[in-house]
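Engineer: coords please:
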Amino acid sequence: MPYDVIFSGFGGQGALFAGQLLAYAAMDAGRFVTWIPSYGPEMRGGTAHCTVIVSDEEIGSPLVRNPSTVIALNNPSAEKYEPQLATNGYLFYNSSLVVHQFTRRNIHAIPIAGSEAAAALGHAKLLNMVMLGAMLARVPVLPLAAVEQALDNHIPARRRDLLEANKLALRKGIELAQPAVLLPA
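Structural biologist: Sure thing, here's the model as predicted:
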């Protein structure tokens, strides 16, 4: 089954790295992958995004008009991608920053207090991993172990000191995205 994911946020929030990590994990697992980043002036504080497609079969086109999954790290990203999201798609949004009022009722808008969780883990730059973990909890693109292995294999040397923190952030995101358990009355 093909999965398409858009990661979007301000430049510096790690949207491109989160997408690249998912792409590496999928490649390492023998899947077909595309990763298309948006660079340009976005890297200096504007909105940066990337599109990742993961499939068991060859991918015909790397372009995604109506994504099935979006990770919005900031408010402009949530505003931009809500109307584009496919019916019954997943929109994981950083509720620490997103104040957008969602109007669509045919999508799954899942609030994750990503910035708060990253700060509690000791580093604001862990936001992207918290949000990626949240997505992995609800959208079975790859198992957590595959993404953690990709971190081991591909994290840049200058960020190696954050390897274990990134893994903790992934697990925290999974924990935050678990459906609420209702206790019997």
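
Engineer: grab the most central residue of this protein for me.
Structural biologist: residue 132 (3.8 Å; Cα atoms, centre = their mean).

Engineer: is it correct that that one is in contact with residue 23?
Structural biologist: No: the criterion here is Cβ atoms under 8 Å, and residue 132 misses it with residue 23 at 11.7 Å. Every C-beta, even on glycine, is put in place using the N, C-alpha and C of the backbone.

Engineer: can you tell me the SS state at residue 6?
Structural biologist: In three-state terms, and counting by DSSP: H, G, I helix; E, B strand; the rest coil, residue 6 is strand.

Engineer: list the contacts of the residue nearest to the centre of the chain.
Structural biologist: Shown in contact with residue 132 (Cβ atoms under 8 Å, 6 or more residues apart in numbering): 7, 18, 21, 22, 71, 147, 170, 173.

Engineer: could you pull up the mean pLDDT of the helix or strand containing the fourth one?
Structural biologist: Following DSSP states H and E, one finds residue 22 within helix 15-28. Taken as a whole, helix 15-28 has an average pLDDT of 97.

Engineer: mind listing what's buried along that helix?
Structural biologist: For helix 15-28, a neighbour-count test (16 or more other Cβ atoms under 10 Å) marks 15-26, 28 as buried.

Engineer: just stretch 87-100 next, same as before
Structural biologist: Buried-residue list, stretch 87-100, by 16+ other Cβ under 10 Å: 89, 90, 91, 92, 93, 94, 95, 96, 97, 98, 100.

Engineer: stretch 115-135 too?
Structural biologist: In stretch 115-135, counting by 16+ other Cβ under 10 Å, buried: 115-118, 121, 125-135.

Engineer: surely residue 97 is within a helix?
Structural biologist: No: according to three-state DSSP, residue 97 belongs to no helix; its state is coil.

Engineer: before we move on, the earlier item: sec struct for the residue nearest to the centre of the chain, please.
Structural biologist: Three-state call for residue 132 (three-state DSSP): helix.
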